[in-house]
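> Here is my input, please return the structure:
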Amino acid sequence: MKNKLLKDVIVPKNRGIIVLCLIIILVITSAGIIGCNKTVPNQTTQPALDETGDEINTELAGKTTNKTETTKEKSIDAYNDSKGYKAVMNSGVGFDIYIPQKERENNQSFFDNLNKQSRLNGYDFSAYLDKPLRYTAMAINSDDSTKDITFLCHDEQIVGVWIDASNKEHLEVRRKLLQYNFVYDAEELLQYKSNYAGDNSNVVHLMYSLPYVNGIKPVGCELQTDSEPYGLIINCQGYGTKERASLPYFKNAAVIFSLIGNVGIVTFNIENNDGKIAFTYTREQIDNYFKKDIRKHSKNKADFAGFIMEVQDASEIGL
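Residues are numbered from 1 along each chain as shown. Next up, the predicted model:
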């Protein structure tokens, strides 16, 4: 009888303690005291903005940008679909561009303004200005109106996008960027490395693989291999030769000298209805500009790619 009474007293006491503990745990948990990884449903981190609406370049903003990067549309079609834009038939235009270092410095405000517009659409292309880019533009139908949209792509992925305020502004920007439509394909060019200028087929392929300024195209070449220095003459036709600067031909000559081992002189003859103009360069002149025997840079892909970047950044200073 005594044991039964003791049991009856103890059991209710234990139950009361258990209930009290459960209540305490529930209160603490609901208050958010337990757990460091508690999250609030349906709450997302927004980019840090300054008073102009641009993202602030802080550590937090950087982390936010990285987090949202994976949601960016990589292709132009995907971007237009995501915005509900419909491309106007036959309105597209595209070309490759590379902006030399001197041009980036001299036109910084121009590129900063374009990038500011692009950043409003979530794409900052400032880190890509020293890389080859693909310019693509088209007319789109949006909100019952037609607008001009421009994309900059690198390695087939969008890095910049903006909509111009007017068609006039769009054409002015395009005209400005068109002057940078002078890009080398290092991998393709390296295929035509040769020790001899007399390798006619190889030289012809190299000639047609070089870039030329807008409006100019090569139509044939002549080899002068009877005596040293061996020469190569590239004949071109086009328009506006009087306004053409020599720098693009200097760059092409540098590439030729780096790939064709025994060429000593390279001449570009440009002809159109307005007249003729010729640009001639010697190996010594090119080597002196780069302060080295540039043939050493065609030994492998990595060295040649680095040299091509030097060539593309070459300026009139020192010519």
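
> I'd like to know how many residues surround residue 232.
Per other C-beta atoms under 10 Å, the neighbour tally for residue 232 reads 23. Glycine gets a C-beta too; all of them are placed from N, C-alpha and C.

> didn't it look like it was pressed against residue 266?
Yes - judged on C-beta atoms under 8 Å, residue 232 makes contact with residue 266 at a distance of 5.1 Å.

> Can you check which residues contact both of these two?
Common neighbours of residue 232 and residue 266, using C-beta atoms under 8 Å, 6 or more residues apart in numbering, are residue 256.

> chain center to the helix or strand containing residue 304, what's the gap?
Residue 304 is part of helix 301-312 when elements are defined by DSSP states H and E. Put simply, helix 301-312 sits 17 Å off its chain's centre (C-alpha atoms, centre = their mean, to the nearest Å).

> same deal with stretch 197-205?
Using C-alpha atoms, centre = their mean, the offset of stretch 197-205 from its chain centre is 32 Å.

> Could you do stretch 248-257 as well?
Chain-centre distance of stretch 248-257: 23 Å, with C-alpha atoms, centre = their mean.

> ok, residues contacting that stretch?
Contacts of stretch 248-257 (C-beta under 8 Å, 6+ apart): 182, 184, 189, 206, 210-213, 232, 234, 263, 266, 268, 279, 281, 283, 286-287, 289-290, 294-295, 308, 311-312, 314, 319.

> Got a quick PyMOL command for the buried subset of those residues?
A single PyMOL command is used to select the members of these judged buried by 16 or more other C-beta atoms under 10 Å:
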select buried, resi 182+184+189+206+210+211+212+213+232+234+263+266+268+279+281+283+286+287+289+290+294+295+308+311+312+314
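
> Mind checking which of the contacts of stretch 248-257 are in helices?
Among the contacts of stretch 248-257, the members found in helices (DSSP state H) are 189, 206, 283, 286-287, 289-290, 308, 311-312.

> Name the nearest of these relative to residue 139.
residue 312 (31.0 Å; C-beta to C-beta).

> can I assume that closest one is in contact with residue 96?
No - here residue 312 lies out of contact with residue 96, judged by C-beta under 8 Å, at a distance of 11.6 Å.

> Mind listing the shared neighbours of those two?
Residues touching both residue 312 and residue 96 (C-beta under 8 Å, 6+ apart): residue 183.

> Closest to residue 80 out of the ones in helices among the contacts of stretch 248-257?
residue 312 (31.0 Å).

> low pLDDT regions in the stretch 101-250 of the chain?
For the stretch 101-250 of the chain, the stretches flagged by pLDDT under 70 are 240-244.

> Going by residue numbers, what spans are strands in it?
In the stretch 101-250 of the chain, the segments counted as strands under DSSP state E, counting those that start in this stretch are 133-142, 145-154, 157-163, 216-224, 230-238.

> Buried residues in the fourth one, which are they?
Counting neighbours by 16+ other C-beta under 10 Å, one finds that the buried residues in strand 216-224 are 216, 218, 221, 223-224.

> Pull the most distant pair out of those.
Greatest spatial distance in the buried residues of strand 216-224: 216 and 224, 22.1 Å, computed using C-beta to C-beta.

> Now do the helices in the stretch 51-200 of the chain.
With DSSP state H, counting those that start in this stretch, the ranges of helices along the stretch 51-200 of the chain come out as 59-69, 76-83, 101-106, 108-119, 167-178, 186-190, 200-209.

> Reformat the ones you listed as CSV; add distance to residue 273.
Output for the helices of the stretch 51-200 of the chain, formatted as CSV (distance: least, C-beta to C-beta, whole Å):
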stretch, distance to residue 273
helix 59-69, 51
helix 76-83, 38
helix 101-106, 30
helix 108-119, 33
helix 167-178, 22
helix 186-190, 31
helix 200-209, 23
